[in-house]
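[1] Quick one: sequence and predicted model below, then my questions.
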Amino acid sequence: MKGSFNLSIYILIFICGVCAACFKKQVPTFEKDIAPIVYENCTKCHNPNGIAPFSLTNFENIKKRAKTIAFVTVNRMMPPWPADPNYTHFVGETLLSQNQINLIQDWVKTGCEPGDLAKAPKAPEYKYKSFLGKPDMVLTYKDTVFIKGNYIDQFYLMKFPFELEKDTIVSAVEFVPGNKKAVHHVNGHIIQYDEGKRSDIYSGKYILNSASTEAERVYKELDVANDDGSYPVLTQSAVNYLPGVLPTVYPEGLSGYRLKKKGAFLFKDIHYGPSTRDTFDVSRINVFFAKKMPGRITRELQMGTLGVTDIEPPLVIPPNEIKKFITKAKINKDISLLTINPHMHKLGKSFWAYAITSAGDTIPLIRIRKWNFNWQYFYTFKKMVKIPAGSTIIVEGVFDNTIQNKNNPFHPPREVAERAGSMRASDEMFQFIITLMNYKTGDEKVSLEP
């Protein structure tokens, strides 16, 4: 009996020891569990040259903000990804699985165990102020833009002249804000001068405050015309920026355009949001050259505000109401969609876009159940999406002009409307911008992963 009792104790000790060892192995560590999650999903913004306000590129600064990381991930505030992943998928999705979220929670609760830091993966390197690597050409402001702290939206027009040794093929253009808190959006084009048409591309003003400049005088003051007074070719929407937007890059040879030797980037508008204190900005444009000219040309379809389709009913949101608006576009020939950009302002509540074919089939494009003014992406499909001739693209936007909308710019609420294309955050917009190509057999199988 005594021997049996002792044997039972040994077995119990052995089992408990195994359980303790197993439990110890299950404790998440930075080395094996957390570093891969953060480096894959967070550091593209949270790096020394990124748009985020702090870096997450090593154990020390990740542990320092561990509780914050646990909070924003469990509440799915970070990493930001407004599009509904149950509706459509896009290139570069930053979505954490529930298992990854649980790992972060457990790691913080168990004391942020480092593991073997010598064996931990290294953070991606971001040597340049760019998401894409080393640019081939960088253009910066000629003058500093000083922004008054009067809590008023400010809009500027800007010109960035350049000269190259020869005509060059461009694969991507990236805007990098100097003052991340101040810059709200940028719409940029390229002026392309033909050989011998413009002698001095550097004359004229470089920065104009659009609020204080008459529209008919803008291009004269910027001096963008050819020497004979005619106007050069304009490559539209070559560079754009919105909160949270990353530069769009397609596979080599799929899309791009030729950049002539002489030209200038032209910001039709750059918007600085209301600021409560005086500040300043010096932003930059990164240009990336391609090895070969793409065989196909992209173009844009802009629906809604400032676009080719009407908004029904007209975009007027009465105070204390939640109201839905629709805009539609009939497609007359087969097209392939590459990238889409939904856009609303602070009263936006939800956004839904889809296509209905002539046969009555639905092609899902994007659904954003909870609109976030601070995160407005250009979403690139994983593969091109064919929209057959005879289809109708339908976009539905819901706007919330009640006191319950914490982003409402007016207290108490008052009527908010689309005002001649005003881009002020306190006015409203309802846009859907589509980058597309004429359809080619097999496009549905073409990957858009860069």
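    Done, it's in.
[2] Check what pLDDT the residue nearest to residue 424 when sequence neighbours are not counted gets.
    Leaving aside its chain neighbours, residue 424 sits nearest to residue 153 (4.6 Å; criterion: CB to CB, 6 or more residues apart in numbering). Just so you know, the C-beta spots here come from the backbone N, C-alpha and C atoms, and that holds for glycine as well. If you check residue 153, the pLDDT there is 84.
[3] Also residue 371?
    Per-residue pLDDT puts residue 371 at 96.
[4] From residue 132, how far out is the residue nearest to residue 330 when sequence neighbours are not counted?
    Nearest non-adjacent residue to residue 330, counting by CB to CB, 6+ apart: residue 392, 5.4 Å away. To residue 132, residue 392 is 36 Å away according to CB to CB, to the nearest Å.
[5] residues making contact with stretch 220-236?
    Residues outside stretch 220-236 that contact it (CB atoms under 8 Å, 6 or more residues apart in numbering): 157, 159, 189-194, 197-199, 203-206, 208, 213, 219, 257, 263-264, 266, 300.
[6] I figured residue 310 was touching residue 327, is that so?
    Yes: if you go by CB atoms under 8 Å, residue 310 and residue 327 touch, sitting 6.6 Å apart.
[7] export stretch 134-143 as PDB, just CAs?
    The C-alpha trace of stretch 134-143 is given here as PDB (Å, rounded to 0.1, in the frame of the first residue of the first chain):
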ATOM      1  CA  LYS A 134      14.300  54.500 -53.300                       C
ATOM      2  CA  PRO A 135      12.700  57.000 -55.800                       C
ATOM      3  CA  ASP A 136      14.300  57.900 -59.100                       C
ATOM      4  CA  MET A 137      13.300  61.500 -58.800                       C
ATOM      5  CA  VAL A 138      12.300  63.600 -55.800                       C
ATOM      6  CA  LEU A 139      10.600  67.000 -56.100                       C
ATOM      7  CA  THR A 140      10.000  69.200 -53.000                       C
ATOM      8  CA  TYR A 141       8.200  72.500 -52.400                       C
ATOM      9  CA  LYS A 142      10.200  75.500 -53.500                       C
ATOM     10  CA  ASP A 143       8.900  77.500 -50.600                       C
END
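[8] Show me what counts as buried in that stretch.
    Neighbour-count burial for stretch 134-143 flags 135, 139, 141 (criterion: 16 or more other CB atoms under 10 Å).
[9] now, among the residues you listed, which is nearest to residue 296?
    residue 135 (24.2 Å; CB to CB).
[10] you'd agree the closest one is in a strand?
    No: under DSSP: H, G, I helix; E, B strand; the rest coil, residue 135 sits outside any strand and is assigned coil.
[11] Now do the same for it: its pLDDT.
    93.
[12] OK, contacts around it?
    By CB under 8 Å, 6+ apart, residue 135 lies in contact with 128, 174, 286-288.
[13] quick revisit: neighbour count: residue 310 and residue 327, which is higher?
    Higher neighbour count among residue 310 and residue 327: residue 327, with 23 against 13, using other CB atoms under 10 Å.
[14] does the more buried one sit in a helix, a strand or a coil?
    Under three-state DSSP, residue 327 comes out as strand.
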